[in-house]
Each structure stands twice: as structure tokens, then as C-alpha cells.
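K.L.:
what follows is a predicted protein model with its sequence.
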Amino acid sequence: MTTPQLHHRPGADHVTTTADGTASRQDTAAAAQQRGATVWLTGLPSAGKTTIAYALAERLRAEGRRVEVLDGDEIRTFLSAGLGFTREDRHTNVTRIGFVAELLASHGVTVLAPVIAPYAASREAVRARHGEAGTAFLEVHVATPVEVCSVRDVKGLYARQAAGEISGLTGVDDPYEAPERPDLRIEAHTQPVAESAAALHALLTERGLA
Ligand SMILES: Nc1ncnc2c1ncn2[C@@H]1O[C@H](COP(=O)(O)OS(=O)(=O)O)[C@@H](OP(=O)(O)O)[C@H]1O
Ligand SMILES: Nc1ncnc2c1ncn2[C@@H]1O[C@H](COP(=O)(O)OP(=O)(O)O)[C@@H](O)[C@H]1O
């Protein structure tokens with residue numbers, strides 16, 4: 001007897017059943033049929049990556065999709081605790097997030113990763129990993145210019161850098177290698193959040209991922 005070969009990790013191994021066993025099996029079956037993807041939102045601090053990711057997540061969830069947001073900040077508290085902002089540490093952080101994202105996406109989850117990922121080589125490594133596994137990967141550049149980001153300054157990092165309290169801030173005194181050919185570039189400073197989320201949603205739909 002030949003053992004069936006799985007060419008892709010299946011998405012149906014999280015079966016939970018209700019008392020009568022019907023409704024959630026249907027939900028699980030529907031979710032398992034969804035094609036997952038990783039959507040990586042790269043850009044400077046305060047560019048709007050997280051805000052746009054959560055707006056898109058809300059819309060996708062309302063449509064019945066399974067969505068996870070892998071927020072750079074949160075990941076650094078757990079998965080990447082102890083890592084700093086050297087080139088090496090950022091690369092490690094990005095590839096770790098890419099690893100988890102691919103796992104989830106291969107199980108039908110739409111993964112949104114609002115993570116700076118300043119180095120093209122790190123993003124390329126994540127894309128390659130997805131490619132090897134046959135998992136969809138979209139690179140989205142949230143292209144808010146540093147002049148706008150530094151005024152928003154959600155976490156006060158730009159002010160602290162200007163005051164000499166910190167150094168190595170992405171886009172100011174640390175590199176940011178903007179994607180040359182992203183799947184989508186969002187000029188987040190020229191349009192409202194809802195419009196940016198809609199543009200991303202349209203891209204997912206066009207690629208058969210939403
Ligand atoms: N030096 C320096 N440079 C850049 N960012 C800094 C720095 N120090 C702290 N932070 C804050 O760390 C948040 C998470 O960063 P990431 O994990 O996305 O960065 S990276 O991809 O590993 O480069 C990142 O979150 P966002 O502002 O949401 O992008 C920053 O607020
Ligand atoms: N058009 C816009 N698009 C996205 N964010 C915007 C916009 N206008 C203002 N903002 C604000 O800019 C800030 C961006 O912060 P955040 O989403 O945390 O950025 P990042 O995750 O890139 O560091 C938020 O406070 C958000 O409300």
C-alpha cells in the first residue's frame with residue numbers, strides 16, 4: 001500500500017466540535033479551505049504599519065477569515081525577548097517572525113506582520129522560505145516619509161533620538177532599505193487608514209487570497 005504524500009501542511013488539524021458536532025466542524029472545514037498568506041507591512045517607526053494591519057484584520061475577520069497580527073512590538077516581548085536593534089538582531093527577529101508567519105499561513109491563516117524589517121536581505125529570506133513551502137507572501141511598503149513619521153512619533157523615539165538619548169533609530173541614524181518592487185506601496189500619509197486597508201484588501205482579492 002502506498003502512503004499518501006502530503007505536499008503541503010494541511011489546515012484541518014484544529015478540529016473542535018460543539019455538543020452536536022456540526023456547526024464548528026463546518027466552520028473548521030470552511031476555514032481549512034481558505035488559502036492563507038503572509039502580508040508583511042514594512043516601513044519606518046510610526047509609518048502606520050500597525051494601524052493599517054489592525055484595520056485590515058478587522059475587515060477580514062468580519063468576512064470570516066482567520067487572521068493573526070504578529071506585531072513587532074509584541075513579538076519583541078516574547079518570541080524575540082532579549083534581542084536588540086543591531087543588524088544581526090533585527091535579522092534574527094525578522095526571520096523568526098517569518099518562520100511563525102509561514103507556519104500559520106500554511107494552515108490557512110492570513111498573517112499580518114507590521115514589522116519594520118529594515119534590511120532587504122532579511123525580507124528576501126522570509127520570502128524565500130515562503131516560496132519553498134508554496135505559501136503566499138506579499139511585501140507591502142508603508143511608505144510614510146520620515147518627516148511625517150517623526151511628527152507622529154507615537155512612542156517618542158524620534159524625539160529621544162534628537163535629544164541624544166538613543167541612537168540607531170531606523171530611518172534616522174540606522175538604515176532602512178525601502179523595497180524596490182513591493183507587491184504594494186501604500187502612501188499612508190496621503191490617504192486615510194480605511195483607504196490603505198481597502199487597497200490591501202483589493203490586492204488580496206486580486207491574488208485570490210481574500
Ligand atoms: N532603534 C530603534 N529602531 C527602530 N525601532 C525601534 C528602535 N528602538 C525601539 N524601537 C521600537 O521597536 C518596535 C519593534 O521593532 P521591529 O521588531 O518591528 O523592528 S525590526 O524589524 O527588528 O527592525 C518598533 O515599533 P514600530 O514603531 O511599531 O515600528 C519601534 O517602536
Ligand atoms: N493616514 C494614516 N495612516 C496610518 N496611520 C495614521 C494616518 N494618519 C495618522 N496616523 C496615525 O499614525 C500613527 C501610526 O502609528 P503605528 O500604526 O503604531 O505605526 P507603526 O506601526 O508603523 O510604528 C497612529 O497613531 C495613527 O493613528
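P.N.:
Arrived safely, thanks for sending. Ligands and ions are numbered 1, 2, ... in the order given.
K.L.:
what sits up against the helix ranked longest in the chain?
P.N.:
Scanning the chain for the longest helix, with DSSP state H as the assignment, gives helix 87-106. Residues outside helix 87-106 that contact it (Cβ atoms under 8 Å, 6 or more residues apart in numbering): 8-9, 11, 36-38, 40, 68, 70, 72, 75-76, 79-80, 83, 111, 113, 115-119, 121-123, 125-126, 129-130, 133, 135-137. In short, each C-beta sits where N, CA and C put it, glycine included.
K.L.:
quick one, which of those residues are buried?
P.N.:
11, 36-38, 40, 68, 70, 72, 75-76, 80, 83, 111, 113, 115-119, 122-123, 126, 129-130, 135-137 (16 or more other Cβ atoms under 10 Å).
K.L.:
what does the protein put close to ligand 2?
P.N.:
Contact residues (Cβ under 6 Å from any ligand atom) of the chain with ligand 2: 43, 45-52, 114, 152, 154, 188, 192-193, 196.
K.L.:
could you check which residue of the protein lies nearest ligand 2?
P.N.:
Of all residues in the chain, Gly48 sits closest to ligand 2, at 2.7 Å by Cβ to the nearest ligand atom.
K.L.:
quick one: contacts for that residue?
P.N.:
Contacts of Gly48 were listed using Cβ under 8 Å, 6+ apart, and they are Val142, Thr144, Ile186, Ala188, His189, Val193, Ser196.
K.L.:
and if we set it to 7 Å?
P.N.:
For Gly48, the set of contacting residues under the criterion of Cβ atoms under 7 Å, 6 or more residues apart in numbering consists of Val142, Thr144, Ala188, Val193.
K.L.:
looking at those residues, which are in strands?
P.N.:
Judged by DSSP state E, strands contain the following of the contacts of Gly48: Val142.
K.L.:
and the most centrally placed residue in the chain, its phi and psi?
P.N.:
Most central residue of the chain, judged by C-alpha distance to the mean C-alpha position with Cα atoms, centre = their mean, is Ala113 at 1.6 Å. Ala113 has phi and psi values of phi -120, psi 90 when expressed as degrees, to the nearest 10.
K.L.:
also Gly131?
P.N.:
Dihedral angles (degrees, to the nearest 10) for Gly131: phi -60, psi -40.
K.L.:
could you do Thr144 as well?
P.N.:
Geometry field for Thr144 lists phi and psi as phi -70, psi 130, criterion degrees, to the nearest 10.
K.L.:
then Ala57?
P.N.:
The phi and psi torsions at Ala57 (degrees, to the nearest 10) take the values phi -60, psi -40.
K.L.:
now it. Nearest residue, chain neighbours left out?
P.N.:
Excluding the flanking residues, the one nearest Ala57 by Cβ to Cβ, 6 or more residues apart in numbering is Val67, at 4.7 Å.
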